[in-house]
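Novice: sequence plus the predicted model coming up.
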Amino acid sequence: MNWGTKIVMGMLAFMAFIVGMVIYMFHVHGRDALIEENYYEKGINYNAEYDAKQNVLNDNAKPEITITNTQVVIQLKDSAQYELVLMRPANSDDDVKLKGITAGTSHLILVDKTKMAKGMWFINLSWHTGGKAYLFKNNITL
C-alpha cells in the first residue's frame with residue numbers, strides 16, 4: 001500500500017466521521033430541552049410573564065412543594081386553575097405537562113413521581129385565581 005492510498009483512506013474515514021456526526025445531530029435535534037419552540041412569542045409576552053411573577057411575590061403566594069416517596073405535592077394559597085410543566089433538562093421526552101383545578105380544601109396539585117426519572121427537574125407553574133395570573137419557576141431534585 002503506497003502513501004496515496006493511505007491518504008485516500010484517511011480522507012474517506014474523516015468524511016464518514018463527519019457524515020456520522022451530522023446524522024447524530026439531526027437525530028438529537030428534536031429532543032433538546034434547551035431550545036424553546038416558540039421563543040419569539042415568549043419574548044413578545046415577557047411583560048405578562050414578569051407581572052405574573054411579581055404577583056407571586058406581592059401576594060405572598062409562593063407554592064409549598066413537598067416531595068414524598070411516590071408523589072410531588074404542590075400546595076397553593078387559594079383554589080385555582082393551573083398549568084404545570086415539569087421539564088427534564090436531560091431529555092425533553094420525559095417532560096410532564098398537567099392542567100386542572102386544585103384538589104380539596106388544601107388546594108393541592110398531586111403529581112405521580114413513580115414514573116419520573118431521578119435527577120433535576122424544572123418546575124414551571126402558572127395559575128389563575130381571583131382574576132390574577134401567577135407564575136412560579138423553580139428547580140427540584142427527585
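Specialist: Received it, and whenever you're ready, just let me know what you need. These numbers come from a predicted model, not from an experiment.
Novice: give me the below-cutoff pLDDT ranges for the protein.
Specialist: Along the chain, the model assigns pLDDT under 70 to residues 29-37.
Novice: quick check: longest helix of it.
Specialist: helix 3-29 (DSSP state H).
Novice: what about that one, distance to the chain center?
Specialist: 34 Å (Cα atoms, centre = their mean, to the nearest Å).
Novice: do stretch 1-9 as well
Specialist: 50 Å.
Novice: grab the CA positions of it and hand them over as PDB.
Specialist: The C-alpha atoms that make up stretch 1-9 are tabulated as PDB, following Å, rounded to 0.1, in the frame of the first residue of the first chain:
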ATOM      1  CA  MET A   1       0.000   0.000   0.000                       C
ATOM      2  CA  ASN A   2       1.600   3.300  -1.100                       C
ATOM      3  CA  TRP A   3       1.200   6.700   0.500                       C
ATOM      4  CA  GLY A   4      -1.500   7.900  -2.000                       C
ATOM      5  CA  THR A   5      -3.800   5.000  -1.000                       C
ATOM      6  CA  LYS A   6      -3.300   5.800   2.700                       C
ATOM      7  CA  ILE A   7      -4.300   9.500   2.100                       C
ATOM      8  CA  VAL A   8      -7.500   8.500   0.300                       C
ATOM      9  CA  MET A   9      -8.400   6.000   3.000                       C
END
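Novice: and residue 84, that's in a strand?
Specialist: Yes: looking at residue 84 with DSSP: H, G, I helix; E, B strand; the rest coil, it is inside a strand.
Novice: what's the local residue count around it?
Specialist: 20 (other Cβ atoms under 10 Å). All C-beta spots, glycine's among them, are computed from the backbone N, C-alpha and C.
Novice: go ahead and confirm it touches residue 122.
Specialist: No: in this structure residue 84 lies outside contact range of residue 122 using Cβ atoms under 8 Å: 11.3 Å.
Novice: how far away is residue 2 from residue 11?
Specialist: 15 Å (Cβ to Cβ, to the nearest Å).
Novice: from residue 85, how far off is residue 138?
Specialist: According to Cβ to Cβ, residue 138 stands 12 Å off from residue 85.
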